[in-house]
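For reference, the sequence and a predicted model appear below.
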Amino acid sequence: MTSGSLSSTVEDESRLVAAARAGDEQAFAELWSTAQRQAFGVCYHLTGNRADALDALQETQLAAWKGLTAFEGRASFRSWVLVIARNAAHAVVRRRSPGGVLFAEVAEESVLTAPFEDSVAQLADLRRALATLPASHREALLLWAGGLTYEQVAASLEVPLNTVRAWIHRARRRLQAGLAGG
C-alpha cells in the first residue's frame, strides 16, 4: 500500500466517522463492515461459543454506535472496535455464570466429511492450545492477531509495552509447541 492510499484511507475513515456521528447509519455500516469479522473472532475466542460471541458482537456494535463521540481517532476505527469487543466478550462471560470460564471446552463434533473434519480438528486443537495460555497472554495475542499494534494492545490492557511484547512472544511459542505436539 502506498502512503497516498494510506492517507486516503485515513481520510475516508475520518469522513465516515464524522458522517456517522451526525447520524448517518450508512456511514456507520461502512465503518462497521471493516471491523465486524475480526470483532466476532475476538468475541468467539474469548467467550468460547457462537451464541455468546454473537451476543457480545451485538453489544459491541451498539456500544460503537453509541460511543462514536468518544472515538478520538488515535487508532483506527477497527482497532477501537476490537477493544470494545474484548470488553463486551468479558461482560457476556461474567453474566453467563458466576464461575464462567473463558474458552469453554469445544463440544464433541458429529461424524463429518474428511476435509471438513480436518478443519474442525485443527480448530479444536487451536482452541485447546489457546485455552492453556494464561488469560493475559491469550487476550494480548488475540488483540494483536486481530490487528492491533503492540502499543495499542498495551494501552487496551493497561500494561507496559514490554510486558505485552513478552506475553505475545510467550503465547506464540507456547501455541507453536502445543500445536506441534510438544
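Arrived safely. Numbers count the residues shown, from 1 in each chain.

any idea what the residue positioned nearest the centre of the chain is structurally, helix, strand or coil?
By Cα atoms, centre = their mean, the chain has its centre lying nearest to residue 42, at 2.7 Å. Assigned with DSSP: H, G, I helix; E, B strand; the rest coil, residue 42 falls in the helix class.

how close does the nearest residue to it once chain neighbours are set aside sit to residue 23?
Nearest in space to residue 42, with sequence neighbours left out and distances taken as Cβ to Cβ, 6 or more residues apart in numbering, is residue 85 at 4.5 Å. For the C-beta atoms, the positions are set from N, CA and C on the backbone; glycine is no exception. With distances taken as Cβ to Cβ, to the nearest Å, residue 85 is found 23 Å from residue 23.

So which of the two has more stuff around it?
Neighbours of residue 85 and residue 23, each counted by other Cβ atoms under 10 Å, are more numerous for residue 85; the result is 31 against 9.

Which SSE is immediately downstream of the worst-scoring helix or strand of the chain on mean pLDDT?
Across the helices and strands of the chain, mean pLDDT, DSSP states H and E gives its lowest value to helix 114-131, namely a mean of 66. Next in sequence after helix 114-131, counting helices and strands by DSSP states H and E, comes helix 135-145.

Show the average pLDDT along that following helix.
What helix 135-145 shows for mean pLDDT is 85.

cool, and stretch 20-39?
Regarding stretch 20-39, the rounded mean pLDDT is 92.

who's in contact with it?
13, 15-17, 19, 57, 60-61, 64-65, 68-69, 77-78, 81-82, 84-85, 146-147 (Cβ atoms under 8 Å, 6 or more residues apart in numbering).

That one: which residues count as buried?
Neighbour-count burial for stretch 20-39 flags 20, 27, 28, 30, 31, 32, 34, 35, 36, 38, 39 (criterion: 16 or more other Cβ atoms under 10 Å).

As TSV, those with secondary structure would be great.
As requested, the buried residues of stretch 20-39 are exported to TSV (three-state DSSP):
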residue	secondary structure
20	helix
27	helix
28	helix
30	helix
31	helix
32	helix
34	helix
35	helix
36	helix
38	helix
39	helix
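
of all the residues you listed, which two lie farthest apart?
Distances among the buried residues of stretch 20-39 were taken as Cβ to Cβ; the most separated pair is 27 and 38, at 19.5 Å.

Excluding sequence neighbours, find me the nearest residue to residue 89.
Of all residues not flanking residue 89 in the chain, residue 46 sits nearest, at 3.8 Å (Cβ to Cβ, 6+ apart).
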